[in-house]
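Visitor: Take this sequence and fold it.
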Amino acid sequence: MAQPEMKIVYVDRPEIFETFADSVEKIGFTNQAWRFEFCVTRLDEPKPPVMHGKKYPTCRLVLPMSGGLELYDKLKGIIAMMEKQGMVKQQPIPDLTVPPGTKPS
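Guide: As a prediction, this is how the structure comes out:
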């Protein structure tokens, strides 16, 4: 028996607040879901010579496998566009099989 066709329409909800995060603390994965923990950094009063601060979780997001793969595809597209515009530059991955300071044979 054939599956019925699905048509899904995006409906915006402007009453949902935006959550700010300046870092990703953890990413976890199981066979069924991706788990992300986003954080924000808050600096204490400046007391040189060392700045102190704390990192607080702001959002714990769990996506099903399909949602995580969709996120990956969208980020890949955005990063490619940023590279094309010169906003970011991909760094070569170092060869970890060769110890630093030695020449490969």
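Visitor: Identify the residues contacting the residue positioned nearest the centre of the chain.
Guide: By C-alpha atoms, centre = their mean, the chain has its centre lying nearest to V24, at 6.2 Å. Going by C-beta atoms under 8 Å, 6 or more residues apart in numbering, V24 touches 36-39. Bear in mind the C-beta positions are built from the backbone N, C-alpha and C, glycine included.
Visitor: do A33 as well
Guide: 62-65, 68.
Visitor: Just the buried residues out of those, in PyMOL syntax.
Guide: Entered in PyMOL, the line below selects the buried ones among the contacts of A33, by 16 or more other C-beta atoms under 10 Å:
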select buried, resi 68
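Visitor: The contacts of A33: which two are farthest apart?
Guide: Using C-beta to C-beta, the pair of the contacts of A33 lying farthest apart is V62 and M65, separated by 11.1 Å.
Visitor: check which helix or strand covers F38.
Guide: For F38, the host element (DSSP states H and E) is strand 33-43.
Visitor: for G67, same thing?
Guide: Secondary structure assignment for G67, by DSSP H and E: helix 65-84.
Visitor: any idea of the mean pLDDT in that helix?
Guide: Regarding helix 65-84, the rounded mean pLDDT is 94.
Visitor: quick one: low-confidence parts of the chain?
Guide: Scanning the chain for pLDDT under 70 picks out 100, 104-105.
Visitor: Please repeat the previous calculation with a cut-off of 90.
Guide: In the prediction, the chain carries residues with pLDDT under 90 at positions 1-4, 6, 30-31, 46-48, 50-51, 89-105.
Visitor: Take the contacts of A33 and lay them out in CSV including distance to P92.
Guide: Conversion of those to CSV gives the following (distance: C-beta to C-beta, whole Å):
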residue, distance to P92
V62, 33
L63, 30
P64, 34
M65, 30
G68, 26
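Visitor: before we move on, the earlier item: distance from the chain centre to the helix holding G67, please.
Guide: 10 Å (C-alpha atoms, centre = their mean, to the nearest Å).
Visitor: what do V62 and M65 both touch?
Guide: 33-34.
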